[in-house]
Every structure is written in C-alpha cells, then in structure tokens.
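> pasting a predicted model and its sequence here:
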Amino acid sequence: MSETGSNINPRRTHFVFAVYVYLILFCLFIPVGFFPFQQEITDFVFKNLLVFLSETVFRLQLADPQISSDSTLLYILATLLLPVSVVVTLLLSFLSGKNIAKEKIIDLLFMLLLLHLSWSMFNYGANKIFKLQFYSPEPNILYTPFGKLDKDILYWSTIGTSYSYSLFLGLAEVIAGSLLLFKRLRRVGLLLCFFLSVNIFAINLCFDISVKLYSGFLLLASVVMILHEKGFLTGSQRCKLVNHSAPDWSFTKPYVKHFIHLAFVSLIFIIYFLPAIRSGYLNQDETPRHPLSGAYTVTNMITSDSTRMAQHIKNIFIHRQNFLIFQSDNDAMQDYKLLIDESEKKFILTDYDLRQTEFNYQYSAADSTLTLAHLKAGHEFTLVARALNWQKLPALQNSFHFTMDQP
Amino acid sequence: MVFIAVVSLVATPAFSQTKKIWHKSHSGSNTTFHRSLQHNLFGIEYSDFGLKQLKINVESIRKINDTCVVIYYHRYSTQKSKNDPKPSSIQMYFYGHNLNTLQNREQVLEWVIYSESNGRQIEIMNSTENFPIEGFPFKPRK
C-alpha cells in the first residue's frame, strides 16, 4: 500500500484517470441518444467549433455539416475530446488532491461507463429482438440483382431475412447488458460485451457500415473495463483476481446503489420493451402493411412523350415506409417518396428536388392489377402492372434442414 | 401510469439503421443520398447510429366523433433542414373514408408531415373503432 493509502500505483493513476475521462466525455457528447436532447447539447457546445476546425485545420468544405454517426464532424469531435479530456483530467486531479480521492472518482467513472455500456447493449438488443434493426428486406431489395447491392445494405438485408438470428443476437446483447449490472457477474458480462463488440466492429469495418466509430468506442470501453476489473490497468499491488477490489458504488449508500439499478432497469424496460409488448407485435416485420405495398411487374406501358421514360419500366415496388420505386429493364432503380391519397385515388410522388407528380391509381383485386395514369400538358403516361407474389420468394422462407441430403 | 403512457408514446418503434442504409433500403442512389442528407429528406433524419432517432412525438389522439379524430403531436428537430419550420405543437383534423392508411403510427406521422408541409387537411379515415386511439400500433380488433 502506498504512502497515500491508495492501492493504485500512483504513476498510473493519471493515465487511468485520463482514459476514463475521455471515455465518459465520449458517452456524454457523441449523440447516440443516451439521454434526451443529447444531440442538441452536442450541437450547441461543439458544432461551430468543429466546423471551424474542419475548414481551417483539415481544409474541408462540408456541404451540410452534421454531427452524426461516422460523419466527418464526429471524427473531428472524437479527436478534439482527447485534449479536452487531458484538460479535464488535470482539473479534476488538482481538485481531488490525494490519490485515494482519485480512486473514488475513477470508480464513479467506471460505474457510469458501465451503465452506458449496459444501456447500449439493451438498446441494440431490444431493437434486434423486436426486428427493428435488421428488418425484413422490402420487395425493391429482393428484386435487385445481388451484385448491384452495396455491401452494407446487402449485409443488413441478409441478416433481416432471419428472425431467429436477429433474436439470437438481440438476446445475447440483452444478456450481456443484464450481467453488467451484477457485481459478481460483471466479468462474464464484460467478456460477452467484448466478444460482441469485436464482432460488430469487424462487421462494420468489413461491410462498410457507418457505425465504425461508435462500435470502436464500445470495443475500447469493454477492453478498458476488463483490464480494470482484473487490476491490470491500475497496476494494483494486490493484483490478484481473488483479492483485487473491483470498482463498485462503494462511495454511496447501498440503498442508493439499488435505487440507481432499479431506476435504470425500469427505464430500459419502459422505453425499449414495453411499447412493442403492448402493441402485440413482437416481430415488427408483422405490423400491418398498406394493402397496395409490394411488388408489381409491368405488363403494359403507354406513353405519348417519347423524351421521358426512355427506358422501359419492368417492375414497380411500393415500400412499406411510403416509397414508390421504378425498376427499369437494366435494373436501374428510381425512388420517390410516396403519399397515397385514398380519398382522391392518387399517388403523389415527390422526388429529391421536391417536385411532385400525381398519378391516378386503380387497383383491381380480381386480377391483382394496379394501374397508374398520369396526364399533364397533353402528355399521357399509363402503367399497368400485375402484383407479384414476392412473399413467396426463397429468401423470405423459414427453411431449416438438419441434414443436407433430405429435401 | 401517466409517466408510462407518456414514455410509451415517446418510444415509437420504427426501423432502426444508419442514414446510408435507410437511404439504400428504398433504392436511393449515392447521388440522391447527399441531397437527402443535406436537406433531411424523406425521414433520413430519423436514422442514426443504427438506431431510430425519434424526432416527432405523437402526444395523444382524441376521438371527436365517429368521423373525426384529433392528433396532437410535438415535433422537435435537431438536424433540421434549412427550410424546415419547427412548430412546437399542432392540431390536425383527420376524417374521411379509409382506415388502411392509418394502420400504424408511421402512417399517422406521414400524413401529419405531408399535410403540414402542404398546408392542407387530409380526409382519411371513416371509423375510429379500430383506430389505435392511444397512438400505438395495436393489432386490428375483429
């Protein structure tokens, strides 16, 4: 034991302090929705400075700078938090004085980081359990040739075809998040978080999914906390697994600790689990779709304007999130925001220049035929399309075989 | 109970993903992605970090009579586009003939946003009996 009464090697104290300060600042200012109005607070505190830094230091002209997942400003913010954490560490070190006080602050920071990691596991886990994250691919994706899909949407859609796998991943994350809340099971929870984070980080890197920075943070946080739990980080002189004093809410009364855990779990349940349970749709892929949503193959196309629609449209897709997508013969896709006005039997299409086009529509249930007609300035455009049985596609079937040679 | 109801209304389940994946999920191209990102078009602002970023709260839905409901919603914007207004709350009347477009909360929000941006009120539904008055997508009652 050192002269200050601390069990931590004093030379490592500041380093550990700085690491935790950086990680906590990351939790506070990376706008992942950890608490309400986190995005607004981050924008208010950092956005102007980050834009200034991006233009002056990094010589980048961003068309519409945003602090969002894997945006340029987010990377600059993550970099900026390094010197900020050094300053905050020096300030806290000066205010805290003795090493024994620093140990208590490090314990507090550890527990706050633990709550964030647990929250993250619960949040992402619930999204997977209720099929909110990896949702079933829509018809426009199903009818896009494999080679024409980017890797990220390809991966996302592939995982979305299996409810059981999404459920498995979600349960693993929820279990990891739960284990973190019990001191005796925390190491198991941290190890599980570590393996899950490694997998997620690798997937994001290899499939170019734009959550690389945040998943990297979760991996780093898991590693740091595992090392701390085992005493390696602090270089504790009692660095034996049996005798090592793991961080805990030791600086507060037991009933406060129990209240924090209870409130945390209750909020998690109310926010992320209760709404889906109340709705009766545990698999959000099964929420009602508009009757017209789906896939249609064009059987007839009439246009009096030869300069428009030069390419023949072969398929039409109505996306459940209100998009209409035309697929041409060469598999090029053109998407429009769709609003279905059932009172006037109109499809109102909005393009990315916010120009609107209206189609009159008619659907015949007898032969599953959708007719779209557009008449403007003397130009007529009519599409007749027959509904495709897209839900019978092999990718959406729940096939399972123990043996490879049985039908 | 009120707290649970309020929090339940806030936590609207919807597809969670990144902005790029959201855009590509409806066959958006790389060209239109930057435009969509720049102007927060078509719900791209609701996706981030692989999660849903709730930007609109449907506060409550009140039945007025058999042909009319009032939807109270609060919209707050964090990454608003340059031309995007930012009302704090608004009251809309929905009445009409077909329930199908209001089977879930996403459809409700779409109609609210559309009618708000176009300055007109949309006639939609014919009956409130199956409509999720409490604002969350329940399974249709038989």
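In hand now; what should we look at?

> C-alpha only now, for contacts and for neighbours.
Fine.

> let me know the secondary structure of residue A:62.
With DSSP: H, G, I helix; E, B strand; the rest coil as the basis, residue A:62 sits in coil.

> how near is it to chain B?
Residue A:62 is 10 Å from chain B, where distance means Cα to the nearest Cα, to the nearest Å.

> and what of residue A:64?
According to Cα to the nearest Cα, residue A:64 stands 5 Å off from chain B.

> for that residue, which non-adjacent residue is spatially closest?
Once flanking residues are discounted, residue A:64 sits nearest to residue B:38: 5.3 Å by Cα to Cα, 6 or more residues apart in numbering or on different chains.

> that neighbour: which element?
helix B:30-39 (DSSP states H and E).

> ok, then the element right after that helix?
strand B:47-48.

> would you give the sheet partners of that following strand, along with the direction of each?
Partners of strand B:47-48 in the sheet, by DSSP bridges, are strand B:51-52 (antiparallel).

> count the residues that sit near the residue nearest to residue A:64.
Residue B:38 has 19 neighbouring residues, counting by other Cα atoms under 10 Å in any protein chain shown.

> is it in contact with residue A:63, as I believe?
Yes. In this structure, residue B:38 is within contact of residue A:63 by Cα atoms under 8 Å, at 7.2 Å.

> who touches both of the two?
When Cα atoms under 8 Å, 6 or more residues apart in numbering or on different chains defines a contact, no residue borders residue B:38 and residue A:63 alike.

> hang on, the earlier thing: what's the mean pLDDT across the helix holding residue B:38?
For helix B:30-39, mean pLDDT rounds to 87.

> now swap in stretch A:190-210 and tell me
Rounded mean pLDDT across stretch A:190-210 is 95.

> now do it: everything it contacts.
Residues beyond stretch A:190-210 that count as contacts (Cα under 8 Å, 6+ apart) turn out to be A:69-70, A:121, A:151-152, A:155, A:173, A:176-177, A:180, A:211-212, A:215-216, A:218-219, A:222-223, A:225-226, B:18, B:20, B:49.

> from the chain's centre, how far out does that stretch sit?
12 Å (Cα atoms, centre = their mean, to the nearest Å).

> low pLDDT regions in the stretch 151-300 of chain A?
Confidence mapping of the stretch 151-300 of chain A against pLDDT under 70 gives the ranges A:232-252, A:278-280, A:288.

> could you rerun that using 90?
Along the stretch 151-300 of chain A, the model assigns pLDDT under 90 to residues A:181-184, A:227-293, A:300.

> ranges for the strands of it?
Taking DSSP state E, counting those that start in this stretch as the test, the strands found in the stretch 151-300 of chain A are A:294-303.

> quick check: residues of it near chain B?
A:152-153, A:156, A:209-211, A:214, A:270-272, A:274-276, A:278-281, A:287-291 (Cα under 8 Å from any Cα of the partner chain).

> swap the cut-off to 10 Å and go again
Contacts of the stretch 151-300 of chain A with chain B, taken as Cα under 10 Å from any Cα of the partner chain, map to A:152-154, A:156-157, A:209-215, A:267, A:270-281, A:284-292.

> low-confidence stretches in chain B?
In chain B (pLDDT under 90), the answer is B:1-18, B:30-31, B:34-142.

> chain center to stretch A:375-385: distance?
Here the centre of stretch A:375-385 is set off from its chain's centre by 41 Å, with Cα atoms, centre = their mean.

> now do the SS call for the residue lying closest to residue B:29 once chain neighbours are set aside.
Spatially, and ignoring its direct neighbours in sequence, residue B:29 is nearest to residue B:23 (7.7 Å; Cα to Cα, 6+ apart). Classification of residue B:23 using three-state DSSP returns helix.

> doesn't residue B:46 make contact with residue B:23?
No. The criterion here is Cα atoms under 10 Å, and residue B:23 misses it with residue B:46 at 11.2 Å.

> out of those two, which sits in the busier spot?
Per other Cα under 10 Å, whichever of residue B:23 and residue B:46 has more neighbours is residue B:23, with 25 against 22.

> for the more buried one, give its distance to residue A:107.
Here the criterion is Cα to Cα, to the nearest Å. By it, residue B:23 lies 42 Å from residue A:107.

> also residue A:200?
Separation of residue A:200 from residue A:107 (Cα to Cα): 27 Å.

> for residue A:363, name its beta-bridge partners.
Beta-bridge partners for residue A:363, by DSSP bridges, are residue A:370.

> ok, it touching residue A:373?
No. Residue A:363 is beyond contact range of residue A:373, at 11.7 Å (criterion: Cα under 10 Å).

> near residue A:277, how many other residues are there?
13.

> right, I mislabeled it, should have said residue A:184
Residue A:184 has 11 neighbours, counted by other Cα under 10 Å.
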